[in-house]
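Asks: Structure for the following, please:
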Amino acid sequence: MNRAAILWRVASILVAAGFIAAWQLIANLRLVSPVFLPGPDRAWAALVRGFSSGDLASKLIGTLEHMAYGWLAASIAGIALGALIGSSRMMRAYVAPSLEFLRPLPVSAIIPVAIAMLGLTQGMALFVIAFGAIWPIMLATIHGFAAVEPRLYEVARSLQMSRAAVIGRIALPSALPDILAGMRLSLTVALILSVVCEILAGLDGLGQWVLLSARAFRSADLFAGVILLGATGYLTSIAVSLVEQRLLAWQTAAR
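Replies: Numbers count the residues shown, from 1 in each chain. Presented below is the predicted three-dimensional model:
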């Protein structure tokens, strides 16, 4: 790690420490009622207490399950559809209008439709999360496949490679950086929609924890849940970034 990277890392830590100190100062001075704004010390105590009792751990597992299932479903469908559309100019021409119709639809408008069809169930949550998370993956995959060098396709035709072989050996490795970037972005979308579904449908998870804490004016528990959600998003993003670096190590070596 070079000096500039170390300085940026230290600066980011100092900014976070300054934010926490300002938060504690505001709480200690009671500029905002403690009923609504607990200090970071109370939020941390609530976080520890929640994990000690096991309640917060079970809520975290519920949110991770909702996020993971929706994200995996979106990843599988998004990569498959994106590869099919991106590798064919004709498919892009025919399917593009339908994609442009569906893509701008806000997920908030889809949720009532999903509830009407599936009820307040786990299936509804899976559908909503997958619908919202599929777009970054599918659009990135389409772009990655469409951006493959035409000369590579000419080489594949001269070698009489099958369509599946062209996709698996030429197009997919070339589009992999775009696909992984889309998957990392969609993971954040999946986490957000998991919380939304847990709040609306009363499903077991951190969204339900935050909602019930707010209704009972347990501000420390509420902030503990919010902090845990932020940490979950941060750590899962780092995990995907590490996997991305590992899978794309061959590009760095080639340079």
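
Asks: Name the residues of the helix or strand containing Ala11 that come out as buried.
Replies: Assigned by DSSP states H and E, Ala11 belongs to helix 3-29. Within helix 3-29, the residues scored as buried using 16 or more other C-beta atoms under 10 Å are Trp23, Ala27. For every residue, glycine as well, the C-beta is placed using N, CA and C.

Asks: per the record, what domains does the protein have?
Replies: Annotated domains of the chain cover 1-31, 39-253 [automatic domain parsing].

Asks: What average pLDDT does the longest one get?
Replies: Averaged across domain 39-253, the pLDDT comes to 86.

Asks: quick one: the helices in the chain?
Replies: Along the chain, counting by DSSP state H, helices occupy 3-29, 40-53, 55-86, 89-102, 107-118, 122-146, 150-158, 163-166, 172-201, 206-215, 219-247, 249-254.

Asks: related to what we said a few turns ago, could you check the angle the helix holding Ala11 makes with helix 40-53?
Replies: 100 degrees (axes from the mean of the first three to the mean of the last three C-alpha atoms, to 10 degrees).

Asks: Helix 3-29 - contacts with which helices or strands?
Replies: Where contact means 3 or more C-beta pairs under 8 Å, 6 or more residues apart in numbering; DSSP states H and E, helix 3-29 is packed against helix 40-53.

Asks: Could you list every helix and strand in contact with the helix it packs on?
Replies: helix 3-29, helix 55-86, helix 219-247.

Asks: which residues are in contact with it?
Replies: Residues outside helix 40-53 that contact it (C-beta atoms under 8 Å, 6 or more residues apart in numbering): 20, 23-24, 27, 34, 38, 56-57, 218-221, 223-224, 227-228.

Asks: cool, and stretch 175-187?
Replies: By C-beta under 8 Å, 6+ apart, the residues outside stretch 175-187 that reach it are 67, 71, 74-75, 78-79, 82-83, 86, 133-141, 143-145, 147-148, 236-237, 240-241, 243-244, 247-248, 251.

Asks: do the same with stretch 75-95
Replies: With contacts defined as C-beta under 8 Å, 6+ apart, stretch 75-95 is touched by 99, 130, 133-146, 163, 166-167, 171-172, 175, 179, 182-183, 186.

Asks: and the residues you listed, which are buried?
Replies: Buried members of the contacts of stretch 75-95, counted by 16+ other C-beta under 10 Å: 99, 130, 133-146, 166-167, 171-172, 175, 179, 182-183, 186.

Asks: re earlier: got the angle between the helix holding Ala11 and helix 219-247?
Replies: With the same axes, to 10 degrees applied, the angle from helix 3-29 to helix 219-247 works out at 170 degrees.

Asks: follow-up on the earlier one: same list, the helices and strands packed on helix 40-53, but as CSV with distance to Leu118 please.
Replies: Listed next are those as CSV, based on distance: least, C-beta to C-beta, whole Å:
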stretch, distance to Leu118
helix 3-29, 40
helix 55-86, 13
helix 219-247, 25
